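Trainee: When you get a sec, could you give me coordinates for this:
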Amino acid sequence: AGVRGTWTAIRNSSGKMRNGRTLLGMLVDPLGIFRGTGLFTSDEEDQRVMEATQRLLEVVQRQSVRETLAGLKPQELRSVAAIVVRKLWEKRAKLLLTSNRLASTALRQSLQRLERRR
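Mentor: Predicted coordinates for the structure are as follows:
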């Protein structure tokens, strides 16, 4: 969502040609194959995702662990690191499954955007 928004801003700031297409759009997609798709344009769903991500980031920042970790002694830091590594290792199968789901969702959304016309 964020990349599409940035891409749209950069594309729009590149200037327009007589046929209405942006210079960057013409350079990247000279045949206009992706012109009518939502693959490179932000929509309301993207905006909702960005707002939810911002709220999540604010919650994480409020609950920062940095201050807690800064007060630990080196031995305590090693203990925490060992626990985290052990937990990550135990959850590696779930992590792989989650990564696959994320990739699958991203691919499915890209395909839906390609099929959708503006």
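
Trainee: alpha carbons only for contacts and neighbour counts from here, please
Mentor: Noted.

Trainee: gap between Ser79 and Leu69?
Mentor: Distance of Ser79 to Leu69, given as C-alpha to C-alpha, to the nearest Å: 11 Å.

Trainee: again with Ser13
Mentor: In terms of C-alpha to C-alpha, Ser13 sits 44 Å off from Leu69.

Trainee: need the next SSE after the helix or strand where Val59 lies, C-terminal direction.
Mentor: Secondary structure from DSSP states H and E places Val59 in helix 44-62. Later in the chain than helix 44-62, the nearest helix or strand by DSSP H and E is helix 66-70.

Trainee: And the one helix or strand in the chain whose mean pLDDT sits lowest, how far out from the chain middle?
Mentor: The helix or strand of the chain with the poorest confidence is helix 66-70; it has a mean of 75 (mean pLDDT, DSSP states H and E). Distance, stretch centre to chain centre, for helix 66-70: 27 Å (C-alpha atoms, centre = their mean, to the nearest Å).

Trainee: Show me the contact partners of that helix.
Mentor: Applying C-alpha atoms under 8 Å, 6 or more residues apart in numbering, the external contacts of helix 66-70 come out as Leu77.

Trainee: Alpha carbons only: can I get that helix in PDB?
Mentor: What follows is helix 66-70, C-alpha atoms only, in PDB (Å, rounded to 0.1, in the frame of the first residue of the first chain):
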ATOM      1  CA  ARG A  66      14.100  -0.600  24.500                       C
ATOM      2  CA  GLU A  67      14.000   1.100  27.900                       C
ATOM      3  CA  THR A  68      13.600  -2.200  29.600                       C
ATOM      4  CA  LEU A  69      16.500  -3.800  27.700                       C
ATOM      5  CA  ALA A  70      18.700  -0.800  28.300                       C
END
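
Trainee: Now do the following helix or strand past that helix: which elements does it pack against?
Mentor: Using DSSP H and E, the helix or strand that directly follows helix 66-70 along the chain is helix 74-90. Contacting helix 74-90 under the criterion 3 or more C-alpha pairs under 8 Å, 6 or more residues apart in numbering; DSSP states H and E is no other helix or strand.
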